[in-house]
Every structure is written in structure tokens, then in C-alpha cells.
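**Q** Build me a model:
(4 chains)
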Number of protein chains: 2
Amino acid sequence: MEKIITISDSLRTSDVFKRLTADQHDVVVKHGLRKKLSPKKILFHQGDSAQSCFLVNCGRLKLTKLNAQGREVIFRYIGAGEMTAAVAVLKNRDYPTTAEAVEETVVTGWDKQTMMYLMRLYPDISINLLGIILDRLEDVQNRYLELSTERVERRIALTLLRLMRSAGSKTPEGIYIDIPLGRQNIADYSGTTLYTVSRTLSTWEKKGWIKSGRERIVVTDPHALVTFSEAI
Amino acid sequence: MEKIITISDSLRTSDVFKRLTADQHDVVVKHGLRKKLSPKKILFHQGDSAQSCFLVNCGRLKLTKLNAQGREVIFRYIGAGEMTAAVAVLKNRDYPTTAEAVEETVVTGWDKQTMMYLMRLYPDISINLLGIILDRLEDVQNRYLELSTERVERRIALTLLRLMRSAGSKTPEGIYIDIPLGRQNIADYSGTTLYTVSRTLSTWEKKGWIKSGRERIVVTDPHALVTFSEAI
DNA sequence: ATCCTTGTTTGCGCCAGCGCAAAGACGCAG
DNA sequence: CTGCGTCTTTGCGCTGGCGCAAACAAGGAT
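**A** Sure thing, here's the model as predicted:
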């Protein structure tokens, strides 16, 4: 019963379905297909034919892309209320990225036709979707600019701040990033290597800006990180 | 009179206004505001409050972004029939990029309210717009992956191929990239420096893959470039 | 407790690509 | 034709960050 509540919660707080009434939410839920994913399970693979888009009800997905040589980049982690694979609705295409659960995750999926139907029924959805995609576009553009112009330590700082904002939870020690986050993950998110991340985090730990463990980061001095990321 | 024909042509062939009838195109045109730009004139600046979106009728715009230190990246060149600054319609935001004319250019602009009105009048527009933004998102994601994982020479090759496809015209010598394109521009598009671009192009010119002059590139052997960009 | 897998740290050497500096080439204006 | 501003080339030295290798640490399974 908890799950049902979580799902309609994630609908209500989602940007895709905002401005819809409770009744309309019910219609949307009724047409969706629920799916449970345990950690490391793949929801869809880059290159698979895109049939459905998905809303995260609870848990978290990692969106990544591989190049021809198998080098990976992480585009984002998305949590409850966030949507992915909008491309499935509009285009006859393959998924451009891979979506993998990083914890116990429940998603609701709608296939092309169903989502098209819902968008026609409630035109707000397509406006909302456009807004979301615009935000994503702007975010990737910002990341692209950073990757192109900022030094690696600055990028790692910006990555930690991003993760902190999207998955941070307050603890007595500082802000804990509530995602299993290895050094390699941070590297894939920052456009560098596991070695450089490790060296950089070690330095920051000595300075008291963060505390880190195996796949765990707590930002103990966010302000220092912000200052560092903005320094000229 | 030529200009009028060009404008309705650019409407008809545009992705934003596709699937609209000729009459509907006329309505759209009537609500737009035409603007002429000479080379190097700025249509809008990154950071300006976004009031209008624009369709290029003829000519070409360069879309760029600066970081805090003034380092520039080029996101794309857009030509006739292409749209920019969709963010103006949906969001109360600043322009995230700068748009500069690189040749004699005519654009048509629609402000927030007008475009909103047109989108409600012809819902196809918002669907079309969503499709365009999805394409842009995928393109930036691809470029992000390249920047993060590919070596600089490979990226320069991919940049030339992109420019060739979007602005190439066939000549007896090869495919001429019909944009005033300095080494610095190619660097800003590839995420490298003017020196590295110059050295790389020199090498390729010796191999007979390209011919280059002052702000001019002709790709004489596209196939060699493709092969090079795909080599393991 | 002990093993084993998986993740992290750090020393070390190396090199792709950066960026200065100076010379050279282009093309427009007068 | 000449001058001048702008763009391009190339030699040279340097360094940020990569990546191997090896040791170390954490945590789960038996």
C-alpha cells in the first residue's frame, strides 16, 4: 500500500504531470506500466529501439552513454518524479543513453502510443515535457562548456556540488550524497579518470572539505567547495 | 520581392512549422517581426532577458557560450529554416547562449506571448518544437561524449564533418564549407586551441585530405576524414 | 575469523596538447 | 602599389593529467 502512495506522490510532484488534476493523474497512472528494478538492473540500453518513456516513482536511475571504445560518461542521476527517454514518445529512434538503477527503484512506463494519447488528452503534458527537455539541454550545454574550458579539479568540485543538490541529505557531519558513488562514477561524471578523482578527493579530505569512504561522500564544507569552484 | 519568397520558403522548409497549411504559414508570418543582421552583428547576448525566439530566413547564425573567464565554445551554426532561443517561449529566463550573424542574415522573431498564442492555435508547433529540442539535446550529448572520450585530432575531424554536412557545398575541388571559418572558430567548435587546429589542418593538407585558406576550408577527401574519425 | 572480491590510494614516468613568441601570408583600404 | 590589421604557421619548452603497477582497505560470504 505504501508503494501506491509513493507512485501518486511521484506523479503529483513530477514536472511532467504538473497542472493536472488528481482525477487526471489517476487516468495517467492507470495507463502506465509499473516496473521494479533492483540495483544494477538496466531499464534500457543505449541502442535499443525506444518504445517507452519512464517516470521514476522512487529510487534512482543513472543515465549514461558509451563511446565506441567503451569509455563511459554519466549524464545525470534522476530520482523520484523525474522523467527519462522522452525521445521514445516523439521519435522512431533508439535510446541514446542507458538507464541503470543504482538502488531499489520503481518506475512507471508509458509506450509511444499511450503517451501520445495522453498528450493529446492533456496538452499540458507536452508543454511540461518541452520545459523539461529545455532544462536538460541547458544543463548539458553548461556541462559541455565546463568540460571544454575548466580544469579538472574545478570540474570535480562542480560535480560534487551538483550531486549534493540533487541527492544530498543533511547529516551531523555535513551533506551526505545518498548514491553509491565510486571514484570511477565521479570520474565519469566529471570527464576525468579514477586516479585523478582519488588524488583530488584525498587533498580535499586533508583540507576538511569532505569525508569519504568506500562509495560514500559527505561534503563537510560545501562553502569551501563553492568558493573553490568559482575562484579565478 | 525575393526576400518575401525566401521567408515563406524558410517557413515551409522549417521543422518548427511543418505540417501547417499555407494559410497557417501566412498567419505565422504575419505575427512575426523581421530583422536584418549584417555579419558580426549580435542578435541576442547570453544573459539578456529572453523575450523572443527566432527563425533564420536566410544567412547563418553562430550560437556560442562564454565561461566566466571569457573562453568561448561554439554549440552550432544554424541556417535557413532553423530555429533558436525556444527557451524564450517557455521560460522566464535569460538567453543561455549568444547568437551572432556570420553573414548577411534575415531572421523572423516572435515574442513570448505571440508564440504562445500561435502554439495554442496550432498545437503541431509545440510538438515540432519538442522534436527539435530533443534533436539538439541528443547532439550536445554526443558532442559531450566526444569531448570527454576522444582525442583532439579525432574531434577536429568530426567537427569538419559536421560543418561539411550542415554548410557544405560541392565544388570541383571538393566540399567547400560555406562559412567564414577561422582556426579559432574550429578550435571553439572542437574544444581545443587555435594552435592545435592549425597544426592538424597543416598535416591533413599535406596528406591531401583538405585545402585550406584564410578562413576557408575545402574538404577534398571526405572519405579519408570519415575513416580517420572512426579509426580505432 | 578468514578468504575473496571489489574499491581506493599513491609513487612514478610519460606524453598529448597547450601556449608563447616570432615570422610569414593574406587581403582590404587608401 | 603600399601599408596595415588580421589571420596562420611553426619551433620550442613545459606541464596537467593520464595510466600503470602495486600495495592497501572495506565488506560480504562461508
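
**Q** Quick check: residues of chain A near DNA strand C?
**A** Applying C-beta under 7 Å from any atom of the strand, we find that chain A lies next to DNA strand C at A:182-184, A:194-195, A:198-199, A:201-202, A:205, A:212, A:214-215. All C-beta spots, glycine's among them, are computed from the backbone N, C-alpha and C.

**Q** is it true that A:Glu146 touches A:Ala157?
**A** No - using C-beta atoms under 8 Å as the test, A:Glu146 is too far from A:Ala157 to be in contact (10.4 Å).

**Q** more neighbours, the two?
**A** A:Ala157 (23 against 19; other C-beta atoms under 10 Å in any protein chain shown).

**Q** from the residues of chain A next to DNA strand C, which ones fall inside helices?
**A** A:Arg183, A:Gln184, A:Leu194, A:Tyr195, A:Ser198, A:Arg199, A:Leu201, A:Ser202, A:Glu205 (DSSP state H).

**Q** Out of these, which comes closest to A:Met164?
**A** Nearest to A:Met164 among those, counting by C-beta to C-beta, is A:Leu201 at 13.8 Å.

**Q** Disregarding residues adjacent in the polypeptide, which is nearest to that closest one?
**A** Excluding the flanking residues, the one nearest A:Leu201 by C-beta to C-beta, 6 or more residues apart in numbering or on different chains is A:Ser212, at 5.5 Å.

**Q** same deal with A:Glu230?
**A** B:Ala68 (7.7 Å).

**Q** Give me the three-state assignment for that neighbour.
**A** coil (DSSP: H, G, I helix; E, B strand; the rest coil).

**Q** Number of residues surrounding it?
**A** That count, for B:Ala68 with other C-beta under 10 Å as the rule, works out to 10.

**Q** now swap in A:Gly191 and tell me
**A** 23.

**Q** Phi and psi next, for it.
**A** phi 70, psi 50 (degrees, to the nearest 10).

**Q** OK, contacts around it?
**A** A:Val73, A:Leu147, A:Val152, A:Arg155, B:Leu147, B:Ser148 (C-beta atoms under 8 Å, 6 or more residues apart in numbering or on different chains).

**Q** Could you report the pLDDT at it?
**A** pLDDT for A:Gly191: 98.

**Q** ditto for A:Ile133
**A** Turning to A:Ile133, the model gives it a pLDDT of 97.

**Q** helix or strand for it, which one?
**A** If you go by DSSP states H and E, A:Ile133 is part of helix A:124-149.

**Q** What helices and strands are in contact with the helix or strand following that helix?
**A** The element immediately downstream of helix A:124-149 (helix or strand, assigned by DSSP H and E) is helix A:152-167. Contacts defined by 3 or more C-beta pairs under 8 Å, 6 or more residues apart in numbering or on different chains; DSSP states H and E place helix A:152-167 against strand A:72-78, helix A:124-149, strand A:175-177, helix A:183-190, helix A:194-207, strand A:216-219, helix A:222-230.

**Q** Of all those, which one is nearest B:Val219?
**A** Nearest to B:Val219, of those and by C-beta to C-beta, is helix A:124-149 at 23.6 Å.

**Q** my guess is A:Arg216 meets A:Ile179, correct?
**A** No - under the criterion of C-beta under 8 Å, A:Arg216 is not in contact with A:Ile179, lying 9.4 Å apart.

**Q** Distance of A:Ser10 relative to A:Lys112?
**A** 21 Å (C-beta to C-beta, to the nearest Å).

**Q** Show me which of those two is the more surrounded one.
**A** A:Ser10 (22 against 16).

**Q** related to what we said a few turns ago, is it possible to export the helices and strands packed on helix A:152-167 to TSV including distance to A:Cys58?
**A** Listed next are the helices and strands packed on helix A:152-167 as TSV, based on distance: least, C-beta to C-beta, whole Å:
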stretch	distance to A:Cys58
strand A:72-78	12
helix A:124-149	19
strand A:175-177	18
helix A:183-190	21
helix A:194-207	29
strand A:216-219	21
helix A:222-230	26
